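[1] Quick one, structure for this:
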Amino acid sequence: MMKNFILDIENGIARLVFDLENEKINKLSFEVLEQLSGILDEIKDNKDINLLLIDSAKTNIFIAGADIKEIDAFQTEDEVYEALLKGHAVLDKLERLPIPTVAYINGACMGGGLELALSCNYRVASTNSKTILSFPEIKLGFFPGLGGTIRAPKLIGLIPALDLILSAKKCDAQKAYRMGLVNEIFHDGQKEFKLEKFIQDILQYKFKVKKVKKSFLEKFAFTRNFIFKKAYSNLEAKVNKDFTSPYKALGVIQNTFKSMTHSDAIKLEAKEFSSLAITKESRNLINLFFTFEKLNKNFTKTKNPIQNSAVFGNGIMGKGIIWLFSKYLKEVRIRVRKMEQVQGIFKDVSKIYEHLIKTRRMTQKQVDFKLSKISYTDKFNGLNSMDFVIEAIVEDKIAKKELFENFEQNTNANTIIASNTSSLSIEELSQSVHNKENFIGVHFFNPVNMMPLVEVIPCKKTSEDTINRVFELLISCGKTPILVNDCAGFVVNRILLPYLNEAAFILEESSNVEQIDTVLKEFGMPMGPFTLADTVGIDIGYKVSKILNEAYGERMPMSHLLDQLFDLKLLGKKSNEGFYKYGNNEVKANPKIKELQNIDRRLISEKEIINRCMFIMINEASRVLEEKIVSDAYIIDFAMVTGTGFPPYKGGVLTYANEVGIDIIVSKLESYEREFGSRFKPSDLLKQLALEKKDFSTGESLWK
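    Residues are numbered from 1 along each chain as shown. Here you go, the predicted structure:
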């Protein structure tokens with residue numbers, strides 16, 4: 001036995017089991033690769049070995065990927081390049097062993113782990129639900145750097161490989177088998193005899209590799225160019241040009257596929273990877289990755305985890321929550337005002353499951369089982385056995401308080417009562433609840449099935465046990481919760497609404513809908529502010545803006561345009577008319593907006609649009625820290641990236657502020673305050689950071 005690896009040789013079979021010391025998962029570090037290199041030399045020199053099998057001792061993990069901390073520690077391109085070439089040499093050594101090599105994949109096989117598996121002659125995967133194969137590197141600001149861009153296209157074909165690498169898509173065992181990424185699949189319970197049979201078939205030359213169907217377009221240089229042009233145009237439609245890693249990955253594949261020797265291809269891949277690994281974009285994405293890991297460990301397992309739930313409210317949010325809990329909990333109970341609504345609710349919840357069926361992540365039988373967990377009532381019966389009850393009704397204090405009174409009359413003393421309010425004070429709502437220890441805000445984001453972030457807001461008397469049980473529930477459902485102290489709008493909406501309102505203020509006095517949307521989309525936002533407002537609904541934006549205006553006064557005024565659109569019932573997509581007009585598969589700016597704009601309009605630069613919209617967000621984010629609504633700047637960055645789509649490669653709102661410079665932001669805010677009023681007044685925290693020449697990465701003592 002040696003550090004990190006167990007090598008057992010029996011009957012001509014070398015079984016090499018990866019078991020990273022003092023870790024729950026296997027990661028590829030350069031130290032591990034160096035150890036592997038020595039073991040491969042030993043295996044190569046042993047003439048009694050006829051086959052090498054690589055396995056893992058970790059539960060549900062083959063290799064989770066490279067050690068990201070090592071990549072984050074590199075300071076120069078040369079450091080990265082030299083380390084990568086050493087890593088390549090090890091995988092090349094594995095690939096060139098004179099005996100057959102087999103990787104047995106039971107669990108996560110990601111990034112560098114998949115690149116190691118691709119260096120083997122054969123790959124066998126278990127049908128364990130935890131078996132996932134993926135190249136997630138694009139999400140970290142680089143791409144597969146240990147031969148993935150070279151080996152994957154050769155193995156499975158150019159088009160599927162581009163899809164895997166450029167989009168970081170995940171494959172389960174069945175999909176990996178269909179595309180030829182693995183050679184055989186079976187249930188892990190059959191491992192003992194199925195894997196042995198596979199090995200014997202290899203040794204006896206009985207196994208025939210399934211021929212992978214590849215597009216005829218990749219055969220010729222001129223048709224390959226069509227594939228690459230199409231891939232580039234798809235990237236342009238989805239990915240901001242400022243985020244360079246997918247574009248560079250595409251370039252590497254285009255330049256190496258059928259055009260270079262393996263040796264030259266490896267060097268090009270390593271060179272381009274090295275240029276990305278030390279960029280601020282990559283550093284920002286790595287920091288967000290570490291934040292995600294940290295937040296998802298931010299709970300302690302409880303003795304009584306939440307196993308069932310009741311959901312009140314069957315609008316878009318309610319249906320999303322019903323879907324989530326039907327997928328992960330044992331039982332979900334819903335209340336309807338009229339029994340005729342039940343069929344429509346089941347139909348809409350089923351639609352959310354459809355994508356999982358289409359992508360073959362679930363079968364219809366499995367979906368039917370999930371739907372069978374949902375029971376319904378038009379009263380308040382059947383709640384006494386519920387662990388967790390949540391409302392997702394309209395943003396109306398009186399209606400919510402009345403509902404909480406009914407909850408308490410019909411649930412047990414241990415039931416957690418939650419509100420999915422997006423902006424109302426949890427402390428104020430708690431006044432209608434007797435058992436305040438079990439009351440909490442749990443704010444999901446729309447669409448629930450897609451958005452990972454959940455804001456968890458306790459009132460002053462919410463117990464630690466309630467908070468912990470809710471965190472455990474959300475993390476077990478695949479969500480990432482953040483703890484937020486009570487205030488109007490919490491974190492995301494409180495910071496986002498000033499941005500949306502500022503875009504409307506700019507539109508009142510200058511510019512047009514398309515220019516403002518285009519400028520902010522090109523900045524990196526997933527959609528322009530007016531497209532977002534129309535998508536969410538002008539009525540919802542109006543109600544939240546009113547709540548925040550009541551809470552924060554003149555610092556958060558509501559745009560007259562929003563007021564007028566609401567009065568005119570131009571509510572966005574739901575009414576086919578808002579900032580844009582929707583119809584006949586055509587979307588165009590609403591000409592009615594011009595009638596609502598100021599007659600005396602001025603010119604405005606793209607830079608001013610960005611500065612006014614971004615700096616007002618930064619200002620409000622600094623107040624969230626100043627008021628101790630959350631404990632750390634990194635939580636705000638994570639919330640705005642995952643809750644609003646703020647460009648992740650920019651690191652988040654406050655990381656972007658550090659990049660611009662706090663002194664520049666304060667100076668601009670003061671200038672805008674003189675020109676446009678008190679909504680731009682810089683926060684005390686921002687002014688103090690500028691005075692002390694600190695930023696959100698160095699000035700923690702100022703808000704702790």
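[2] going forward, measure contacts between C-alpha atoms and count neighbours the same way
    Fine.
[3] which is the next helix or strand following the longest helix belonging to the chain?
    Longest helix in the chain by number of residues (criterion: DSSP state H): helix 606-626. Of the helices and strands lying after helix 606-626 in sequence (DSSP states H and E), the nearest is helix 633-644.
[4] looking just at contacts, which helices and strands does that next one meet?
    If contacts are counted by 3 or more Cα pairs under 8 Å, 6 or more residues apart in numbering; DSSP states H and E, helix 633-644 sits against helix 280-295, strand 453-458, helix 492-509, helix 653-660.
[5] Mean confidence (pLDDT) on that helix, please.
    Averaged across helix 633-644, pLDDT comes to 97.
[6] Please apply the same query to stretch 97-117.
    97.
[7] Okay, buried residues for it please.
    For stretch 97-117, the buried set under the neighbour-count rule, 16 or more other Cα atoms under 10 Å, comprises 97, 99-117.
[8] Identify the residues contacting A589.
    By Cα atoms under 8 Å, 6 or more residues apart in numbering, the contact set of A589 is 513-514, 579-581.
[9] 6 Å instead, please
    Y580 (Cα atoms under 6 Å, 6 or more residues apart in numbering).
[10] And it, how far from M527?
    Going from A589 to M527 by Cα to Cα, to the nearest Å gives 15 Å.
[11] again with L562
    18 Å.
[12] Also L571?
    L571 sits 18 Å away from M527, taking Cα to Cα as the criterion.
[13] which of the two has more neighbours?
    Legend: neighbour count by other Cα atoms under 10 Å for L571 and M527, higher for L571 (25 against 18).
[14] got a pLDDT number for I599?
    69.
[15] Okay, M527 and D534: tell me how far apart.
    Distance from M527 to D534, by Cα to Cα: 11 Å.
[16] Quick check: which ranges of the stretch 501-650 of the chain have low pLDDT?
    Where the stretch 501-650 of the chain drops to pLDDT under 70, the residues are 599.
[17] So which residues make contact with stretch 526-534?
    500, 517, 520-521, 572-573, 578, 645.
[18] Going by neighbour count, which of those comes out on top?
    Counting by other Cα under 10 Å, top hit in those: G578 with 28 neighbours.
[19] Tell me who's in contact with that one.
    Contacts for G578 (Cα under 6 Å, 6+ apart) come out as 534, 570-572.
[20] Leaving out chain neighbours, which residue sits closest to it?
    Spatial nearest neighbour of G578, excluding adjacent residues (Cα to Cα, 6 or more residues apart in numbering): G572 at 3.9 Å.
[21] and if you look at I629?
    N485 (4.6 Å).
[22] helix, strand or coil for that neighbour?
    The three-state label given to N485 by DSSP: H, G, I helix; E, B strand; the rest coil is coil.
[23] ditto for A14
    A14 - assigned by three-state DSSP - is strand.
[24] Just give me the neighbour total for it.
    A14, neighbours per other Cα under 10 Å, totals 19.
[25] So for it, what's the pLDDT?
    pLDDT at A14 comes out at 97.
[26] how near is it to V102?
    Taking Cα to Cα, one finds A14 at 10 Å from V102.
[27] got it, and L424?
    57 Å.
[28] Can you give me the distance of E115 to H88?
    10 Å.
[29] give me the low-pLDDT residue ranges for the chain?
    Within the chain, the ranges that satisfy pLDDT under 70 run 1, 599.
[30] Okay, domains of this protein per the record?
    Under automatic domain parsing, the residue ranges defining each domain of the chain are 5-278, 308-483, 492-702.
[31] can you redo the ones you listed as CSV with distance to K294?
    Shown next, in CSV, are the domains of the chain (distance: least, Cα to Cα, whole Å):
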stretch, distance to K294
domain 5-278, 14
domain 308-483, 10
domain 492-702, 10
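[32] Compare those domains and give me the one nearest T291.
    Nearest of the domains of the chain to T291, taken as Cα to Cα: domain 492-702 at 7.2 Å.
[33] Angles on the backbone of the residue nearest to D637 when sequence neighbours are not counted, please.
    Spatial nearest neighbour of D637, chain neighbours left out: G652 (4.1 Å); criterion: Cα to Cα, 6+ apart. Per-residue torsions, G652: phi 120, psi 170 (degrees, to the nearest 10).
[34] and G652, how many neighbours?
    26.
[35] That one and V641: what is the separation?
    In terms of Cα to Cα, G652 sits 6 Å off from V641.
[36] And I266, by the same measure?
    34 Å.
[37] Please apply the same query to E509.
    Going from E509 to V641 by Cα to Cα gives 29 Å.
[38] Which of the two has more residues huddled nearby?
    Each of E509 and V641 has its neighbours counted (other Cα under 10 Å); V641 has more, 22 against 16.
[39] hey, where'd the helices end up in the stretch 151-300 of the chain?
    In the stretch 151-300 of the chain, the helices defined using DSSP state H, counting those that start in this stretch lie at 158-167, 173-179, 191-203, 221-238, 245-256, 262-277, 280-295.
[40] typo on my end, the stretch 301-450 of the chain
    Going by DSSP H, counting those that start in this stretch, the stretch 301-450 of the chain shows helices at 316-328, 341-358, 364-371, 397-410, 426-429.
[41] Return the set of buried residues in the longest one.
    Along helix 341-358, these residues count as buried under the neighbour rule (16+ other Cα under 10 Å): 342, 345, 348-350, 352-354, 357.
[42] any chance of these in CSV, plus distance to I156?
    Below are these laid out as CSV (distance: Cα to Cα, whole Å):
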residue, distance to I156
V342, 45
I345, 41
D348, 36
V349, 35
S350, 33
I352, 30
Y353, 29
E354, 27
I357, 23
